[in-house]
Structure formats: C-alpha cells, structure tokens
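Novice: coordinates only, no sequence provided:
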Ligand SMILES: Nc1ncnc2c1ncn2[C@@H]1O[C@H](COP(=O)(O)OP(=O)(O)OP(=O)(O)O)[C@@H](O)[C@H]1O
C-alpha cells in the first residue's frame with residue numbers, strides 16, 4: 001500500500017524524520033506563540049532583570065518582559081524573513097544559473113567568471129553593504145540577504161547543468177527537437193535537484209544567521225518588532241550580569257539551523273529515485289526470466305552472422321544514408337577527415353577502430369548532435385531526401401533516426417519512470433494518445449524479450465538490469481520505425497551472455513523492418529558478425545573498407561585491420577599473443593601482424609567486451 005511504503009520510506013530516512021520533527025515543532029511555535037505569549041513577551045512590568053525562576057524560566061529583560069516568551073514569539077518573524085530571503089535567492093539563482101547554462105559559449109564563460117567572483121565575496125559582507133545602502137529595516141535586510149545568496153545558487157545550477165548536458169537522455173531529447181527550456185525543466189533540473197535542495201537547506205541556515213547578524217548590528221528588524229538577532233542585540237549590554245537572556249535566541253538559532261540541514265539531507269535523498277528505497281530487480285533473475293536465452297552454440301552464433309542483406313560495399317551510390325567527404329573539426333583540430341560511405345535500406349555498416357578514432361563523432365555528425373564548438377562539413381550528408389547538413393526539420397530527424405547508446409543506464413533520465421520516457425516520442429511526435437502509446441510500448445518491449453513489460457513501464461531505470469534497459473532503449477529507438485538506426489557501442493557495457501541476445505535483436509530488426517543500421521564498435525569480432533560492410537577507422541580517417549564476411553574468415557589484407565584482428569581476444573584464445581595495435585597510416589606497417597582469427601562468427605557474440613572503455 002502507498003501509505004505503508006511512505007511510512008517505510010520515512011523510517012529509513014532518519015535525517016528527514018528528525019529534520020521534519022524539529023522544523024514542524026518550530027512551525028507550531030511560530031504559529032501559536034504570538035497568539036498565546038504576546039502579553040508576557042511585550043508588556044512592560046516592574047520585574048526588570050529577574051534571574052531564571054518558576055514564573056520566568058529564563059528571567060526577564062530590562063523592561064520586565066519574559067525572555068523565553070520573547071524568544072518564542074520572535075520565531076515567526078525570524079523564520080518568515082529567513083524563508084523569504086532563501087526563497088528569493090533560490091528562484092533568482094536557479095533561473096540565472098539555468099539561463100547561463102543555455103547561453104552561447106563566450107557569454108556563458110563571462111557570466112560564470114562573474115558569478116565565481118561574486119561567490120568568492122563573503123555573503124555576510126555583501127549583505128552588510130547592500131543593507132547599509134538600502135538603509136536599516138526588515139525589507140532591506142531580506143533583500144540584502146536574498147541578493148547575497150543568488151551567486152551560490154546560480155553557480156551550482158550552471159555547473160550541475162553542464163554535468164548533465166552530455167548525458168545520453170539529454171542528447172536524445174535534443175535529437176527529438178525538444179526545446180532548450182523544456183529539456184532544462186524535464187531532464188536537467190530534476191537530475192540536479194538533490195544538490196540544489198541540500199544547498200537550499202544550508203542556504204536557509206546561512207540566511208537565518210545573516211539576518212540575525214543584520215538585526216544584531218542594528219541594520220535589520222527595528223523596534224518595536226523583534227527577531228532573534230534583535231533579542232541578542234538587546235541582551236548584549238547585560239550579557240555578563242544576566243547571561244540567561246542570550247540563551248533562548250541562541251538555542252533557537254542553533255536548533256533551527258540543525259533542523260533545516262537535517263531536512264535538506266533527508267529531502268535530497270528522498271527526491272533521488274535511486275535512493276528512494278525501491279530494491280532494484282536482481283539482474284540475474286531478470287535476465288534469466290527472458291524467454292530467449294542467449295545461444296551458446298556455434299550454429300546459433302552463425303545464424304547471427306550477416307546474412308548478406310544488401311550489397312557489401314558501403315560506397316554505393318544509391319544509399320539511404322549518404323555521407324560524402326565528411327570532415328569534422330573542433331577549432332583547428334580535425335577529428336574526422338574526409339569520410340565517405342553509404343548505407344542502403346536493410347544494410348548494416350559497421351564503424352570499427354580504436355578508442356578516439358572518430359567513430360562516435362561520425363555518428364553524432366549524422367544525427368546532428370555534435371557538441372558545441374565542433375563543426376561538420378561534407379559535400380553531401382543526407383538520409384534519403386532529408387538533408388542532414390544545416391537545420392533539418394526536427395520532427396523528421398526525431399522520427400527517421402533512432403539511436404541506441406553504449407551505456408543503457410545513462411540513456412534514461414533517472415528521475416522519470418520508464419513509461420513516461422519510452423512513450424514520449426509516440427506521444428509528442430506522432431500524437432499517439434497516452435494509453436495507446438503505453439499499449440504499443442508494452443507490445444514492443446515484449447517483442448524484444450523484455451519480461452513483465454507492463455511493470456517495466458511503471459519502474460525507474462535503476463530498477464532494471466543493464467541488458468533489460470538496453471533492450472528497452474532499442475524498443476524506444478524503434479518506436480517511430482526509423483529509416484536509420486545508429487547503435488553506438490550498444491553491447492560494450494553488457495554482460496557477455498546479454499551481448500549475444502542484444503546483437504540478435506539488431507539483426508532481427510534489420511531483417512524484419514529493413515532498417516538501415518550504422519553499427520559502431522571497437523570490437524572487430526562483433527562488427528564482423530553483424531555487419532555487411534565495415535569501415536576501419538584510424539585517426540579520423542577510413543583506412544580500410546572490408547566486409548563482415550572477410551572479417552569472419554580473416555581474409556583481410558590491410559595491415560591495420562589485420563593488426564586489429566590479431567589483437568582481439570579470439571586471436572589470443574587461438575594461440576596468438578595480445579599485443580597493442582601499433583600502426584601508422586604513413587608507415588602502412590602492422591606491429592604485430594598476427595594470425596587472423598578464423599572463428600569470429602562463432603565466437604564474437606560470446607566474447608567478453610574489450611577491456612578498453614570507450615567514452
Ligand atoms: N567535443 C570535442 N571537442 C574536441 N575534441 C573532441 C570532442 N569530442 C571528441 N573529440 C575528439 O575526437 C576524437 C574522436 O572521438 P570519438 O569519441 O569520435 O572517438 P571514438 O572512436 O568514438 O572513441 P570511443 O570508442 O572511445 O568512443 C578523439 O580524439 C576525441 O578526443
């Protein structure tokens with residue numbers, strides 16, 4: 001039951017519980033004390049400067065007013081002022097940070113440096129200067145503290161947003177043409193809310209202290225109003241003769257600060273879906289439950305190997321995807337140099353090469369997702385009649401190109417349920433009603449052997465195993481029945497047994513839907529098994545064009561390709577030695593040339609991912 005789950009969640013989160021109790025009590029005091037204790041807190045009497053006693057627990061001040069009652073009554077004004085200043089800093093800071101994140105490069109850098117300078121300036125000193133300029137008073141104290149708190153929120157927001165900006169789910173949203181502000185609100189802010197909430201709570205504590213400091217030095221609340229800072233100010237002259245008068249406001253300040261920090265920590269872990277307390281599904285069980293156990297035998301692996309769909313040239317003239325003379329530069333640096341290939345409908349072209357050879361850059365150039373500062377030029381870059389250079393219509397890009405990334409966990413927004421994410425393309429771009437989109441996705445997930453597809457849609461990404469998520473991302477990429485599917489190292493992060501099943505799903509989709517595929521891997525064995533045509537990249541250039549069949553048979557002639565083959569684990573298993581690939585385009589020499597493997601088609605899909613990570 002939802003209520004049981006809520007109770008369990010609160011029990012497992014002692015910070016949240018204790019912070020909520022402390023602040024809850026303070027709120028009750030803030031509401032009730034002014035109603036019940038105003039008389040003893042504000043009426044002048046002849047009982048001046050009494051020590052602690054039964055009638056006045058902490059004594060009375062110089063005008064015969066009850067010290068404890070005044071501290072309790074001051075709770076409302078103090079909390080209201082601190083909350084108002086913190087809320088204003090939060091809203092303004094997050095808005096500025098978000099805008100800075102969206103700003104073009106030079107403007108963003110300039111703003112970030114300005115914000116850094118403002119953060120380096122002590123906030124209390126800044127608040128004192130602003131309050132002095134505005135003049136003493138409650139309003140100017142709130143404004144001063146609010147302004148002083150803005151840079152902290154702005155910097156954290158801009159920095160955190162930058163760390164999320166290159167996540168696969170943000171790139172996918174960009175591919176789908178989601179506007180920048182919506183990406184910010186839906187994908188970026190929810191995923192940086194944890195640290196922001198922690199800052200919010202510490203900022204509330206800081207505002208509380210700063211506002212009390214302003215009142216203490218006479219720049220904040222003025223007579224006859226009083227907050228805890230003002231009470232400390234009034235107690236100063238008698239601090240040695242009657243120390244009990246500073247006790248109540250000081251304790252209130254400390255208790256409130258501790259309560260706010262505890263609540264902030266608790267809320268931060270509550271909003272993070274990964275720490276919400278839902279036990280992740282055990283990966284093994286989830287995978288084992290799949291109806292299609294990965295084939296381990298040679299025959300099954302061979303059936304995975306390319307069946308020759310489409311001509312194996314990759315340079316044909318009538319391709320669906322045409323890449324001609326593609327060059328990608330970042331400033332003066334050439335990342336991809338004069339690359340040309342085509343992919344026909346139903347054809348799978350593989351890009352293979354060492355880490356940093358430019359595989360992902362080519363894929364991102366095709367999808368129009370190159371990072372800022374990286375520019376693509378080509379004599380032709382087109383998907384059928386869709387010109388991919390310039391600014392192709394977002395809707396067509398979103399529906400005609402699907403992408404599957406290497407890291408299935410990073411593909412999905414951890415803050416949203418899978419159902420919301422998996423059906424987004426259908427709902428937003430195809431106008432499919434929500435219920436229909438969910439039903440379609442359940443069918444698509446079942447097709448790709450995701451168990452309990454209904455339940456998966458209600459789960460968060462961290463509750464699924466990597467293989468299950470990767471299948472979900474393939475189903476998601478296929479929602480619009482794209483003409484081109486880009487798979488950027490889709491099996492590298494997967495368990496060896498799951499790899500084969502995922503590769504089989506690509507082959508099935510390619511055959512059943514006639515989808516053109518650009519398959520990227522640094523595992524030459526996997527590429528040989530799946531692809532019709534293979535382009536071997538080195539230093540951003542295509543150094544060899546071969547076929548999956550030649551790779552499987554080991555009948556490749558180019559020294560670099562032979563070196564790559566020789567360096568694969570299969571070759572080592574076959575008796576070779578695993579050596580680093582050393583080859584330069586100029587020298588055209590392979591070190592070592594090693595005996596090519598002749599059993600790729602049988603072993604590739606079972607082979608563990610190469611040790612070298614990619615991105
Ligand atoms: N935003 C960028 N700015 C400058 N250089 C970049 C940028 N992104 C990538 N590069 C460089 O471009 C080159 C190609 O990178 P890319 O990621 O395409 O290689 P890759 O073959 O996909 O490697 P991996 O298998 O590790 O993903 C690398 O040298 C990389 O450092």
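Specialist: Thanks, I have it. All of these numbers come straight from a predicted model, not from anything done at the bench.
Novice: just the helices in the stretch 151-300 of the chain please.
Specialist: In the stretch 151-300 of the chain, helices defined by DSSP state H, counting those that start in this stretch lie at 168-175, 180-183, 189-216, 228-235, 244-271, 283-288, 298-304, listed in chain order.
Novice: which outside residues touch the first one?
Specialist: To tie it back to what came earlier, the one meant is helix 168-175. 164, 182-183, 186-188, 364, 367-369, 397-398, 401, 403, 405, 407, 410-413, 421 (CB atoms under 8 Å, 6 or more residues apart in numbering). Yep, even glycine has a C-beta here, placed from its N, CA and C like the rest.
Novice: now, of these, which are buried?
Specialist: 164, 183, 186-188, 364, 367-369, 397-398, 401, 403, 405, 407, 410-413, 421 (16 or more other CB atoms under 10 Å).
Novice: the residue of the stretch 401-550 of the chain found nearest the ligand: neighbour count?
Specialist: At 5.0 Å from the ligand, residue 522 is the closest residue in the stretch 401-550 of the chain, using CB to the nearest ligand atom. By other CB atoms under 10 Å, the residues close to residue 522 number 23.
Novice: backbone dihedrals for it, please?
Specialist: phi -100, psi 0 (degrees, to the nearest 10).
Novice: so which of the contacts of helix 168-175 belong to strands?
Specialist: 401, 403 (DSSP state E).
Novice: ok but residue 124 is inside a strand, no?
Specialist: No: per DSSP: H, G, I helix; E, B strand; the rest coil, residue 124 lies outside any strand segment and is helix.
Novice: just checking, it touches residue 213?
Specialist: Yes: when contacts are counted by CB atoms under 8 Å, residue 124 is listed as touching residue 213 (6.1 Å).
Novice: ok, back up a step: surely the residue of the stretch 401-550 of the chain closest to the ligand is in contact with residue 491?
Specialist: No: in this structure residue 522 lies outside contact range of residue 491 using CB under 8 Å: 11.0 Å.
Novice: wait, residue 140 touches residue 134, no?
Specialist: Yes: the pair residue 140 / residue 134 is scored as a contact, 3.5 Å apart, by CB under 8 Å.
Novice: who has more neighbours out of these two?
Specialist: Neighbour tally, residue 140 and residue 134, criterion other CB under 10 Å: the higher count belongs to residue 140, 19 against 15.
Novice: secondary structure class for that one?
Specialist: Residue 140 - assigned by three-state DSSP - is helix.
Novice: same check on the one 5 residues further on?
Specialist: Classification of residue 145 using three-state DSSP returns helix.
Novice: list the contacts for the closest residue to it other than its chain neighbours?
Specialist: Among residues not flanking residue 145 along the chain, residue 85 sits closest, at 3.9 Å (CB to CB, 6 or more residues apart in numbering). Residues in contact with residue 85, defined by CB under 8 Å, 6+ apart, are 141-143, 145-146, 149, 207, 210-211.
Novice: quickly note the distance from the closest residue to residue 103 other than its chain neighbours to the ligand.
Specialist: In space, residue 103 comes closest to residue 111 once its chain neighbours are excluded; the distance is 6.5 Å by CB to CB, 6+ apart. Plainly put, residue 111 is 21 Å away from the ligand if you go by CB to the nearest ligand atom, to the nearest Å.
Novice: quick one, phi psi at residue 111?
Specialist: phi -60, psi -40.
Novice: that one contacts residue 100, correct?
Specialist: Yes: applying CB under 8 Å, one finds residue 111 in contact with residue 100, separated by 4.5 Å.
Novice: joint contacts of the two?
Specialist: Joint contacts of residue 111 and residue 100 (CB under 8 Å, 6+ apart) are residue 158.
Novice: neighbour count for those two, which is higher?
Specialist: Taking other CB under 10 Å, residue 111 and residue 100 do not tie; residue 100 has more neighbours (23 against 19).
Novice: for the helix or strand where that one lies, which positions count as buried?
Specialist: Per DSSP states H and E, residue 100 falls inside helix 67-102. By neighbour count on 16+ other CB under 10 Å, the buried set for helix 67-102 is 67-79, 81-82, 84-90, 92-94, 96-102.
Novice: export the contacts of residue 85 to JSON lines and tack on pLDDT and neighbour count?
Specialist: Putting the contacts of residue 85 into JSON lines (pLDDT from 0 to 100; neighbours: other CB atoms under 10 Å) gives the following:
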{"residue": "141", "pLDDT": "91", "neighbour count": "29"}
{"residue": "142", "pLDDT": "93", "neighbour count": "23"}
{"residue": "143", "pLDDT": "94", "neighbour count": "18"}
{"residue": "145", "pLDDT": "92", "neighbour count": "32"}
{"residue": "146", "pLDDT": "93", "neighbour count": "22"}
{"residue": "149", "pLDDT": "91", "neighbour count": "28"}
{"residue": "207", "pLDDT": "91", "neighbour count": "28"}
{"residue": "210", "pLDDT": "90", "neighbour count": "26"}
{"residue": "211", "pLDDT": "91", "neighbour count": "30"}
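Novice: can you tell me the SS state at residue 329?
Specialist: strand.
Novice: contact partners for it?
Specialist: 335, 374-375, 377.
Novice: from those residues, which land in strands?
Specialist: Checking the contacts of residue 329 against DSSP E, those in strands are 335, 374-375, 377.
Novice: tell me the residues of this protein that contact the ligand?
Specialist: The interface of the chain toward the ligand, taken as CB under 6 Å from any ligand atom, is made up of 330, 335, 353, 355-361, 371, 374, 522, 614-615.
Novice: how does it look with 8 Å?
Specialist: 328, 330-331, 333, 335-336, 351, 353-364, 370-374, 406, 488-489, 520, 522, 537, 540, 612-615 (CB under 8 Å from any ligand atom).
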